[in-house]
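> dropping the sequence and predicted coords here.
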Amino acid sequence: ALEAAGPREPKQRLSPRARRIVVLFGVIALCTAYGEGALADWGALHLEQDLGAHPGLAAAGYALFALTMTAGRLTGTLLLERLGQTRTLVLGGATAAAGMLLGSLAPTAWLALAGFAVTGLGLANIFPVAVGRAGELAGPSGVAAASTLGYGGMLLGPPAIGFLADWFSLPVALTTVALLAAAAAALGYAARNATTSAPV
């Protein structure tokens with residue numbers, strides 16, 4: 001009965017080039033998740049400790065970031081239709097970088113909150129677009145690889161920020177979120193010609 005079903009087709013293997021592109025999109029996703037993890041663990045402390053915000057206001061920092069990220073993702077389809085994938089990645093990364101520079105270096109809590117909100121909007125669609133592009137190139141295995149790399153950034157962010165805060169200061173450490181968002185924009189532009197026509 002098993003033989004009647006016919007021989008199983010051999011699993012298609014990705015070429016080294018296609019694997020590199022999938023890893024590239026995974027790193028872009030990582031840059032996004034790094035920022036999310038960092039703000040989840042350190043955003044409120046920055047507002048309270050460095051900017052003197054009331055604990056209630058400080059706690060609202062990550063909530064505002066998450067709210068704007070959710071709003072950005074809900075409008076992501078429209079954004080992709082108007083801008084395309086590459087422009088969405090590049091514009092999102094640049095917006096998040098600018099927002100996080102404001103969020104980490106602003107002299108007042110209210111300006112920092114505005115920076116967190118802008119950061120959420122900027123980061124909103126980078127992760128899903130990067131994982132989606134990896135899926136276009138490599139199918140489910142591309143989605144799995146890029147997602148795994150991406151979620152690794154959420155685990156990396158909080159301890160990396162803590163380590164850098166010990167060496168420098170928390171505001172300086174939080175600027176790494178802006179640096180990685182800018183890196184995501186640059187990598188997104190570099191991968192602009194990666195399509196499903198990549199050899200597999």
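That came through fine.

> could you use CA atoms for every contact and neighbour count after this?
Will do.

> mind checking which residue lies nearest the centre of this protein?
When Cα atoms, centre = their mean is applied to the chain, the residue found nearest the centroid is residue 32 (1.3 Å).

> residue contacts, residue 70?
By Cα atoms under 8 Å, 6 or more residues apart in numbering, the residues touching residue 70 are residue 124.

> nope, residue 186 is what I meant
residue 90.

> extract the CA atoms of the helix or strand containing it and return them as PDB.
For residue 186, the element it lies in under DSSP states H and E is helix 170-190. In PDB, the C-alpha atoms belonging to helix 170-190 read as follows (Å, rounded to 0.1, in the frame of the first residue of the first chain):
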ATOM      1  CA  LEU A 170      21.600  53.000  30.700                       C
ATOM      2  CA  PRO A 171      20.800  55.800  28.200                       C
ATOM      3  CA  VAL A 172      24.000  55.000  26.200                       C
ATOM      4  CA  ALA A 173      23.100  51.300  26.400                       C
ATOM      5  CA  LEU A 174      19.700  51.900  25.000                       C
ATOM      6  CA  THR A 175      21.100  53.700  21.900                       C
ATOM      7  CA  THR A 176      22.100  50.200  20.700                       C
ATOM      8  CA  VAL A 177      18.400  49.700  19.900                       C
ATOM      9  CA  ALA A 178      18.700  52.600  17.500                       C
ATOM     10  CA  LEU A 179      22.000  51.200  16.100                       C
ATOM     11  CA  LEU A 180      20.400  47.800  15.400                       C
ATOM     12  CA  ALA A 181      17.300  49.500  13.900                       C
ATOM     13  CA  ALA A 182      19.600  51.400  11.500                       C
ATOM     14  CA  ALA A 183      21.400  48.200  10.800                       C
ATOM     15  CA  ALA A 184      18.000  46.500   9.900                       C
ATOM     16  CA  ALA A 185      17.300  49.400   7.500                       C
ATOM     17  CA  ALA A 186      20.700  49.000   5.800                       C
ATOM     18  CA  LEU A 187      20.400  45.200   5.600                       C
ATOM     19  CA  GLY A 188      16.900  45.500   4.200                       C
ATOM     20  CA  TYR A 189      18.200  47.800   1.500                       C
ATOM     21  CA  ALA A 190      21.000  45.400   0.800                       C
END
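
> quick check: angle from the longest helix seen in the chain to helix 170-190?
Longest helix in the chain, counting residues (DSSP state H): helix 126-167. Helix 126-167 and helix 170-190 are oriented at 150 degrees to each other (axes from the mean of the first three to the mean of the last three Cα atoms, to 10 degrees).

> about what we covered before: tell me the buried residues in the helix holding residue 186?
Going by neighbour count (16 or more other Cα atoms under 10 Å), the buried part of helix 170-190 is 170-189.

> likewise stretch 31-40?
31, 32, 33, 34, 35, 36, 37, 38, 39, 40.

> can you give me the end-to-end span of stretch 41-58?
12 Å (Cα to Cα, to the nearest Å).

> centre of the chain to that stretch, how far?
23 Å (Cα atoms, centre = their mean, to the nearest Å).

> so for that stretch, what gets flagged as buried?
41, 42, 43, 44, 45, 46, 47, 48, 50, 51, 53, 58.

> all set, thanks.
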